[in-house]
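1. need a 3D model of the sequence below.
(3 chains, ligands or ions: 8)
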Amino acid sequence: MNETLHLLGTVTTQNRWAGLVIWYLFLGGLGAALVAISIFSHRYYKASARLTLWGVISGEVGLAVGSLLLLFHLLDPSHAWRVLLPWNVFLNPTAWITWGTQFLIWAMVFGLLYIWPILREPKAGGREHRVAEICRRFAGPLAWLTIVMSIAVAVYTGLLLRSFPAVALWHNPVIPMLFTVSALSTGLAYLLLVQYAVLREHGPLARAYERFDILLIVIEMILIGFLLYGVLPGSGSGRASAELLMGNMGWVVGFLVLGLLVPLLLEIKGSLRAWNSPAPVMLAAVLVLIGGYLLRHYFLTAGVYYFPWTNAHHLGVLGSDVVTHVLH
Amino acid sequence: MTWQFPKMTRRSFLKGTGASAFGVTLYRPEWIKLPGPTKDETADWGQTWKTREAYSICNYCSSFCSVRATIEERNGYERIVKLGGNPRSTLNGDKLCARGQSGFRQVYSVDRIKGPMIRVPGSKRGEWAFRSASWEEAYAYIASKAKAIKPYEWTVYGGWSTCSFYIPETFTFTLANEIPNLITSPTQNCVFNGHLGTNSLTGNYVVHGEVIEDYGNSDYIIACIGNASIGGVSTCRAVRFAEAKEKRTKVIVLDPRASETASKADEWLQVRPGSDLAFMLAMLRELMQGGHYHDTFVRVHSNLPFLCYRDEHNAWQLYRSANGEPAVLDAASGQLCFLPAFSNRNDADVAGQAVNPALQAPAGFAQDGKALVTVFQAQLAGLESYTPEWAEKITSIPAATIRRISAEFGAAKQPLLQPGWSGARYGNMQMLRRTQALIQGLVGGIDRAGGWLFGAEWRNQVAYMQNHIGKPGFPPMGRAGMPFVEWTAKRFGDPNNFSHGFPAWSVVHRDSIEKLSAHWAAMPTSTDVGFLPAVKGELKYKGKPYQAKAILLNGTNPMRDAREKVWKDALSDPALELVVVMDVMASDTGAYADVILPESSYLERDEPSIYGNGVNPDDMLITRNKAIEPLFDTQTLPDVFLKLTGVLSGDEHNYPRALERFTGLPADRLIALTEKFRAQKVRDPFNQALRQVRFEGKAEELHVAPDHLEKVLREQGVYPVAQAQELLDKGGMPWKRPLPTPSGRAEFFSTLYGDMRDTFGLYDNPFFDVLATYIPPRERANKAVDAPLEDDEFFFTFGMVPTVSHCSPNNDFLPLVGINAFRGDVYHGVWMHPDRAKHLGIRQGQKIELRNVVSGERTEASAYLTHLTREDTLFMYSGFGAKTPALRYASGVGTALNRITGDLTEPVSGGTSNQEYTVRVRAL
Amino acid sequence: MAHYAMVINVDTCVGCNACMAACSQANQTPVWDSSKFRTYVHDEEFKKDGRWVRQFFPRLCNQCDNPPCVTVCPTGATWKEPSGPVRVNPDVCMGCEACAMACPYDARYPIDREDVEQAKAYYGEEFLKRTHPAVDKCDFCWDRLQQGLEPACVETCVAHSRIFGDLDKPDDLVTKIVASGKAKTLLPELGTGPNVYYVDKLPEGLANE
Ligand SMILES: Nc1nc2c(c(=O)[nH]1)N[C@H]1C(S)=C(S)[C@@H](COP(=O)(O)OP(=O)(O)OC[C@H]3O[C@@H](n4cnc5c(=O)[nH]c(N)nc54)[C@H](O)[C@@H]3O)O[C@H]1N2
Ligand SMILES: Nc1nc2c(c(=O)[nH]1)N[C@H]1C(S)=C(S)[C@@H](COP(=O)(O)OP(=O)(O)OC[C@H]3O[C@@H](n4cnc5c(=O)[nH]c(N)nc54)[C@H](O)[C@@H]3O)O[C@H]1N2
Ligand code: SF4
Ligand code: SF4
Ligand code: SF4
Ligand code: SF4
Ligand code: SF4
Ligand SMILES: [Mo]
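-> Numbers count the residues shown, from 1 in each chain, chains lettered A, B, ... in the order given. Ligands and ions are numbered 1, 2, ... in the order given. Coordinates of the predicted model:
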């Protein structure tokens, strides 16, 4: 009789990192992108002070809210202070959360310092004035510190998922790029909304944003295509994730079509021959934002673990209800 | 240790792909390694505190494993934090099963009974409406009711653990109070209708602890209708089986579904339910015809060579001398010679002349007009028609397979046919177990390495009985094995033993109904058959009404463990004026009590006796030592029995006096010690008195100081006396000393059944045959077992789940509840083959209704579809379905077996037949 | 330096769950939640050589040599002991569950506030090993190892299916089994380097050691 260990398998998704974490990843990416793009535009594209403030402050709020949500998600928030300590990067350097937290903190701090002088014009002489002066003097370095930190945050949201080796959908080099690109794209979309809906600034910057966004969406599409057809088929976990995604209307219609394709077409059309109303662009922007959220939602919920055992008619211990039994 | 960069070299990568049951993830892991904290930097919050150990015996099944409790002390508090096996015990070593591991949850269970309780006026039995009371109140309440109740109107009902640990206490309590009615769950719902068969050959009888299978030394193992020994987990047996498994011993298991045991088998034979007897008869025939038997055992130590003849009723009788000596044919001289009536050997006649008993008498051999053949010949002739082909039709197991397995078994060096355990399934199970015993005896595998081993304790008891019986000072309850059973049958069945002149109602009931009618049983000892009629006032004895008015249930849960219909009816009946329940936990039976008396849990009490180490073939002494002081207002059984004797008989001293009369304990000493302990405000004075007296007695036997014995048992848990091998060499039965059968030999010709047959004139009734014969299962009213079933009709089977004891409230203990929930419907559902389910439109997990075709009982369950059961057979684990909300975790989980098991009993001992029907299934 | 490892002999496991019960009590796990045990025994059904069979499959943390769960921990609350076991310190853990996400073997589960509260009643407030919500996992019974005891599940395993030992000791049964090359680990392709091995049968000649 054959004497080989007989392994069965369970394929299951997880629900440990859901709701709050998805918002954290979304807001983190969006916020970081906002801060980065706004400051960059302010320095090199003469973006208006109002737009810059709108962008940076919204971004910081996004980062702050995202972090709060993550804090709520913790089993014991009272133990979170450790990761806030700057030197934690020396104590626990292998964990991306360690780095991410620092990037996030410093992105917020430098960002605030950068907009400080723009925010308010203090009367000469006072201490506040001196601070503003310093900020103004070091505006260049501050800008770049903020931009680097912010981009790092966006990249980190992807690296974090990448560090979970069991799940092919996450454990690949595409994820960090994808999440970064998506973050920037949502950032641009948000700024476009502000420009059109709030500030009524239909200047060349807006046009530049639209063009840049087209580029990002195209890259995003290429990355997703490569992920779905180049990466995932290489493993059972990946194949299962691909099936889950492509079999899901929310992903196909909600994200691929409405979140990517439609805004792309709208923006292409807009950049070829400008719309005579801001509505289409604003629609595109909203769709991109929703798409950005959906991307993260579906990526977390479609991450598939494969366990080499079955559990007779008992949902996976991970608590998910997407459990199938594979018999070998 | 130094952390390296991941060794995801090509080698391990390829090895990975090779070994993987699943694809390869495209990307190599790249997470970086850096030195982690070293031991001393790491916080050791897991501080270990001051602990001590206490030793006891598990109380969760009849394997009696030796337990070591770890007690932790923190800031003045004490708590049992862990149970484990006692490594010093050669019974189970440091191992305990899931039930045993969880045993101490009883102590801390939220659903424990924390003090005496009295049902609130106006409430109905079954509602669980109690007020807490003091012990004085409880006794007073019982006294007030008891005034109008005569001793014979009382019934005492003991559960399996009571009947394993408190037999002398319980039997003498009933006798001290002149109560002729004693029910014990383990006999009727369990062992009698299986083990009486086994015991007819060996004379053995120990509630549950019959023999231990020496799996480790066997080279061929067969199990049928049995899962508990291995897969249901009887730890002391499972560890021995694992040894065999590691040695790759061949294992054959007969079971309609893939039991845990079947899952370990080399061959799993999906036998048709109820048909095992046919398999075993065919096997017996193959072995006898093929000459596969142990010559010495069979000719020298069994009654197979005895000569027998057919009497005027055409029933087999042993040929005996005028003074009752059996006869054999001497192979050498061809002469008939008489052997000593009681002995373990056949190789010397009454005069001491050497004899070489023949297995076959020549054709036409006769003596004073009687044609004589040997028992061997009679049995073989009786088996003539039971060919493997015949068995195939009944069992659905191919004849060739039966032949092959019989041959392999016969050829094996140490073949082991598991004796089987619980018997409450089919009327023919006594005959089945008997046939299994005959087979094991035929190959000489009794009290011999690799076969069935008797527990050392029991062998000692037999030796004591054989050396002292008939001599002055031998206490009636000094009997062991079947002689004890026969004594109790007579003691409770004979009206002359009671001043009120009433025998047990079970006997009255038997004699007042038509012989062999439903519920008639030749030997209804300690069963409940007749109880319901007695409650309903249907019984008369000598013209006087015989009414059951009061019952004391101790450590038993018949509302779940016996036929619900019968017990619900009886316990709800106002004619039953008083229901007293003694338990540790809330239970479905407790819900029907008028008074609940809480016993201290097994980990909170010293026990009044020294026991043998369960079925351990090594001679080790053990007892229960309290691990912690009782947490609540609870008492020990002996002290309650003492008080109740005062209440019922007017003088509590009647109890110690009865103990002296029946067990030989010194009454005056007991009384004096009790007074002394009372004066010292000891919580359990009588219990401690008994313990001290018994320790002194045992110490004297061992020639050691009592406090030495006490010390060893408290500090080490077991007191080793002798090892199995030397005991077997000195006193293996029947090799070295007689078995406690009437003849001292292994009785293939059963005098036990012969006597019942003759007493009741049941000459042609197969249930009472002196030889192995076929009894068809009664699953299908007047239909052959292999006749086709209706579309929605199934055989129904059940089995113990490894995590619950019977249907007791340990299904309320959290770790077990959680584990059971994890297994889901495998444990809680009813197993059904997917093909049948499909046909009936039943989905996985769907609610279904089961209807017992015979009794009409219905119950709901959830369907668990699995290929691991026969298409024609449903299976259900039997430990669930508690109803009372007082069990907050168990209540409502799973289906209660005893709601559909009907009300069929078998005619020998009145044991329940819980599988003799088919069920119809309907999707809900 | 010891290198602790476990071999699971699937051939003898009878699926009795004694290990689960022992583990839960020894390590004060949240038994009221069936998804929060440190170890499980799976009840498996499959077709082998044309016949349906039932197999019991015990599993627990693999104490990986290359544990992704540890590298993703931002607080240092989880780490690998030099002797092998991967531990969690509930007094440091903040419960982000990144480790649980990183574990390919579903060996980690959250103990939340309610669990800690319920534990007070169930295990006795004075006797709690864990007073903070945190992620928990099998640690080869670290506390017991420190006291020179075997892991609780191994000690009580009625079928000698769970075999524990030190791979640095050539005479340990686990060492011999692993040396025989017959033992397999789970998802080896992930490169986690598990220290829990599985055999379908005890290699010839190693019985009753
Ligand atoms: N449904 C179902 N019925 C069965 C069986 C089954 O598996 N399932 N098995 C059958 C067999 S084989 C047998 S032997 C019988 C056994 O049937 P029972 O003898 O009734 O045994 P248990 O079901 O264990 O019930 C034991 C009761 O004693 C209580 N108890 C536990 N410890 C103590 C103690 O220390 N003192 C006191 N006073 N009470 C205590 C428990 O709380 C429980 O209420 O059941 C038979 N009936
Ligand atoms: N877990 C656990 N173990 C226990 C106990 C307990 O309560 N719980 N109680 C102890 C006691 S008191 C007793 S008496 C023993 C009882 O132990 P057993 O007598 O071994 O009873 P079960 O464990 O129920 O196993 C019965 C097996 O027989 C199978 N079966 C049913 N019908 C048939 C049939 O017609 N033919 C064949 N071949 N097989 C059939 C069932 O599928 C099941 O696997 O268990 C002891 N051990
Ligand atoms: S087998 Fe389990 S329940 Fe039975 S006595 Fe042993 S430990 Fe207790
Ligand atoms: S099994 Fe999971 S938790 Fe255990 S060490 Fe490996 S990765 Fe970590
Ligand atoms: S949950 Fe605790 S142990 Fe796990 S990664 Fe987060 S902090 Fe570390
Ligand atoms: S080693 Fe200890 S912690 Fe791990 S599963 Fe076994 S008992 Fe539980
Ligand atoms: S204790 Fe041993 S035999 Fe029982 S389930 Fe666990 S691993 Fe299997
Ligand atoms: Mo039993």
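
2. got phi/psi on the residue sitting furthest away from the middle of chain C?
-> For chain C, the residue at maximal distance from the C-alpha centroid (C-alpha atoms, centre = their mean) is residue C:50, at 32.6 Å. With angles defined as degrees, to the nearest 10, residue C:50 sits at phi 80, psi 0.

3. which residue is nearest the middle of chain B?
-> residue B:208 (3.2 Å).

4. no, scratch that, I was asking about chain C
-> Centroid-nearest residue in chain C: residue C:60, 3.1 Å away (criterion: C-alpha atoms, centre = their mean).

5. quick one: residues contacting the nearest residue to residue C:133 once chain neighbours are set aside.
-> Nearest residue to residue C:133 in three dimensions, chain neighbours excluded: residue A:75, at 4.0 Å (C-beta to C-beta, 6 or more residues apart in numbering or on different chains). From N, CA and C alone the C-beta is placed, and that goes for glycine too. Neighbour list for residue A:75: C:93-95, C:97, C:110-113, C:133-135 [criterion: C-beta atoms under 8 Å, 6 or more residues apart in numbering or on different chains].

6. ok, now how distant is residue A:75 from ligand 3?
-> To ligand 3, residue A:75 is 35 Å away according to C-beta to the nearest ligand atom, to the nearest Å.

7. so that residue, which of the three states?
-> coil (DSSP: H, G, I helix; E, B strand; the rest coil).

8. for residue B:70, same thing?
-> Secondary structure, three-state DSSP: residue B:70 is strand.

9. so what's residue B:879 closest to, chain neighbours aside?
-> residue B:804 (2.9 Å).

10. what secondary structure does that neighbour sit in?
-> Assignment for residue B:804 (three-state DSSP): coil.

11. tell me, how many residues neighbour residue B:369?
-> Counted with other C-beta atoms under 10 Å in any protein chain shown, the neighbours of residue B:369 add up to 6.

12. I meant to write residue A:64 there.
-> Residue A:64: 14 neighbours (other C-beta under 10 Å).

13. buried among the contacts of residue A:75? Make that a PyMOL selection.
-> Buried residues among the contacts of residue A:75 (16 or more other C-beta atoms under 10 Å in any protein chain shown), as a PyMOL selection:
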select buried, chain C and resi 93+94+95+97+110+111+112+133+134+135
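
14. can you list which of the contacts of residue A:75 are found in helices?
-> When the contacts of residue A:75 are checked against helices (DSSP state H), the matches are residue C:113.

15. near ligand 6 at all, the longest helix seen in chain C?
-> As assigned by DSSP H, the longest helix anywhere in chain C is helix C:18-27. Yes - using C-beta under 6 Å from any ligand atom, helix C:18-27 comes into contact with ligand 6 via C:23, C:26-27.

16. adjacent strands (with direction) for the next helix or strand after that helix?
-> The C-terminal neighbour of helix C:18-27 among helices and strands, as given by DSSP states H and E, is strand C:40-48. Strand C:40-48 pairs in its sheet with strand C:51-59 (antiparallel), by DSSP bridges.

17. what about the strand it pairs with and ligand 7, any contact?
-> Yes - where contact is defined by C-beta under 6 Å from any ligand atom, part of strand C:51-59 touches ligand 7, namely C:56, C:58.

18. what's the angle between that strand and helix C:18-27?
-> 10 degrees (axes from the mean of the first three to the mean of the last three C-alpha atoms, to 10 degrees).

19. residues of the stretch 401-550 of chain B that sit close to ligand 8?
-> Taking C-beta under 5 Å from the ion as the contact definition, the stretch 401-550 of chain B meets ligand 8 at residue B:422.

20. what about the helices in the stretch 601-750 of chain B?
-> B:637-649, B:654-663, B:667-679, B:685-702, B:706-716, B:724-731 (DSSP state H, counting those that start in this stretch).

21. picking that back up, residues near the closest residue to the residue nearest to the centre of chain B other than its chain neighbours, how many?
-> Of all residues not flanking residue B:208 in the chain, residue B:62 sits nearest, at 3.1 Å (C-beta to C-beta, 6+ apart). Neighbouring residues of residue B:62 were enumerated by other C-beta under 10 Å; the total is 25.

22. over to residue B:906?
-> Neighbour count for residue B:906, taken as other C-beta under 10 Å: 26.

23. next up, the contacts around it.
-> B:193, B:426-427, B:429-430, B:521, B:767, B:913.

24. and which of those is nearest ligand 1?
-> residue B:193 (10.8 Å; C-beta to the nearest ligand atom).

25. look up the closest residue to the closest one, ignoring the ones flanking it.
-> Residue B:193 sits nearest to residue B:911 (C-beta to C-beta, 6+ apart), 2.7 Å away.

26. how close does that neighbour sit to chain C?
-> Per C-beta to the nearest C-beta, to the nearest Å, residue B:911 is found 28 Å from chain C.

27. that residue contacts residue B:192, doesn't it?
-> Yes - using C-beta atoms under 8 Å, residue B:911 is in contact with residue B:192, at 4.9 Å.

28. what do these two both touch?
-> By C-beta under 8 Å, 6+ apart, the residues touching both residue B:911 and residue B:192 are B:423, B:527.

29. who are the packing partners of the longest helix of chain C?
-> strand B:77-85, helix B:98-101, helix B:814-823, strand C:40-48, helix C:152-156 (3 or more C-beta pairs under 8 Å, 6 or more residues apart in numbering or on different chains; DSSP states H and E).

30. can you say which of these is nearest to ligand 3?
-> helix B:98-101 (2.4 Å).

31. can the closest one be said to contact chain C?
-> Yes - Helix B:98-101 reaches chain C (C-beta under 8 Å from any C-beta of the partner chain) through B:98-101.

32. where does the prediction get shaky in the chain?
-> Looking at chain A here, since you left the chain open. Within chain A, the ranges that satisfy pLDDT under 70 run A:1-3, A:122, A:312-328.

33. oops, I was thinking of chain C
-> Counting by pLDDT under 70, chain C has low-confidence residues at C:208-209.

34. can you tell me the residue of it closest to ligand 1?
-> residue C:16 (15.6 Å).
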